[in-house]
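Trainee: turn this into a model:
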Amino acid sequence: MAEKNDGSDTGVMKPVAAVKRLCARAGAWASSRKPNTDTSFLKLIAIATMLVDHLGARVFPQYPIMRIIGRIAFPIFAYCIAVGCSYTRNIARYMLRVLGLAVVVQPLYVTAMGHQTMGAFDWAHNFYRLDLILRHYYAPRLSILFTLVAGIALIWTLRNKKYPLTAVMIAALWYTSGYLDYGLNGILLMLLFWTLLNRPAASFVWVAAFMIWWGVPALRTRFEPWNITRVYTQFYAVLALPFIYIPLNTKIKVNKWVFYAFYPAHLVLIYLLTMPK
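Mentor: Residues are numbered from 1 along each chain as shown. Next comes the predicted model:
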């Protein structure tokens, strides 16, 4: 006589099957050579977290969680730059487009983000003084857009095998990195994403290790095991990795000009919210 199945075997098999499916997907991902190209969705995450970050910096400084959330933005922007440099037909035009936006928006950036006092520059009498304009609006702190331009330019030299120009650019970036948002580390992150774009498993390992090294000061100076738990806010950039390395294939498509327009628009919002009453 056959024994009656009480369903216990089925209950055991369900989690086992789920684990097998998860392992199969992990294996497929590890051997995949296809990057996550769902960049419209990624950019939406990036601009949303950037807005949270800048609001936390200027409007709600009492909520440090907003700055932690904001660390998600730059790695996603850096990854999208790597994808863009690999797939765009004209990388020079791509670079000039970002550079043009960076130059035009810079005065608004330093004013909205508090790097210069609102109304401090006398445009009526100095509108023709390019030296004063550069010193006032471009010397204090460059926006993230200039960092992205530098990354695109460096990748362009490597992609086109212009290695002498690569060496000149590296030397120039080393000298001027203090003016760039995220500095040399931001450039290196873009290079890592671009170099390993078609090897997602290796990219994840190297990028995660780099972010941890970047965010834990004890790993970047002298190793102090008792101080390993002290981290910079930048450490929380690792929260961006699931968005980058787990392709959701949302099929969301957003016109590129929406993202270009969002950057100055969010700065205008911050400017209005921080204007003296």
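Trainee: isn't Ile69 right up against Leu51?
Mentor: No - taking C-beta atoms under 8 Å as the definition, Ile69 is not a contact partner of Leu51, at 9.9 Å. For glycine as for every other residue, the C-beta is placed from the backbone atoms N, C-alpha and C.
Trainee: quick one: average confidence on the one helix or strand Arg67 maps to?
Mentor: Using DSSP states H and E, Arg67 maps to helix 65-70. For helix 65-70, the mean pLDDT works out to 96.
Trainee: how about stretch 250-259?
Mentor: 92.
Trainee: and that stretch, how far from the chain's centre?
Mentor: 17 Å (C-alpha atoms, centre = their mean, to the nearest Å).
Trainee: quick check, central residue of the chain?
Mentor: Phe74 (1.9 Å; C-alpha atoms, centre = their mean).
Trainee: can you give me the neighbour number for the residue nearest to that residue when sequence neighbours are not counted?
Mentor: Nearest non-adjacent residue to Phe74, counting by C-beta to C-beta, 6 or more residues apart in numbering: Tyr182, 6.0 Å away. Applying other C-beta atoms under 10 Å, we find 22 residues neighbouring Tyr182.
Trainee: any idea how far Tyr182 lies from Thr111?
Mentor: 21 Å (C-beta to C-beta, to the nearest Å).
Trainee: pLDDT score assigned to Arg222?
Mentor: So Arg222 comes in at 54 (pLDDT).
Trainee: quick one: low-confidence ranges for the protein?
Mentor: Where the chain drops to pLDDT under 70, the residues are 1-16, 18-33, 116-140, 218-231, 277.
Trainee: hmm, Met95 and Val149 touching each other?
Mentor: Yes - in this structure, Val149 is within contact of Met95 by C-beta under 8 Å, at 6.1 Å.
Trainee: chain neighbours aside, what residue packs nearest to Lys251?
Mentor: Lys251 sits nearest to Asp38 (C-beta to C-beta, 6+ apart), 7.9 Å away.
Trainee: correct me, but the one you found touches Ile252?
Mentor: Yes - with contacts counted by C-beta under 8 Å, Asp38 reaches Ile252, the gap being 7.3 Å.
Trainee: sorry, back to before: burial check on the residue nearest to Lys251, number of neighbours?
Mentor: With other C-beta under 10 Å as criterion, Asp38 counts 19.
Trainee: before we move on, what about Phe41?
Mentor: 19.
Trainee: Ala240 and Ile252: what is the separation?
Mentor: 18 Å.
Trainee: between the two, point out the one with more neighbours.
Mentor: Ala240 (24 against 13).
Trainee: check contacts around the more buried one.
Mentor: 71-76 (C-beta atoms under 8 Å, 6 or more residues apart in numbering).
Trainee: again, only using 10 Å
Mentor: Taking C-beta atoms under 10 Å, 6 or more residues apart in numbering as the criterion, Ala240 is in contact with 42, 45-46, 49, 71-79, 207, 211.
Trainee: next one: Lys43
Mentor: Lys43 neighbours (C-beta under 10 Å, 6+ apart): 73, 76-77, 79-80, 252, 254, 256, 258-259, 262.
Trainee: roughly how far apart are it and Trp156?
Mentor: Counting by C-beta to C-beta, the gap from Lys43 to Trp156 is 21 Å.
Trainee: equivalent analysis for Lys162, please.
Mentor: 8 Å.
Trainee: identify the contacts common to those two.
Mentor: With C-beta under 10 Å, 6+ apart as the test, Lys162 and Trp156 both reach Met169.
Trainee: can you count the residues close to Val52?
Mentor: Neighbours around Val52, by other C-beta under 10 Å: 20.
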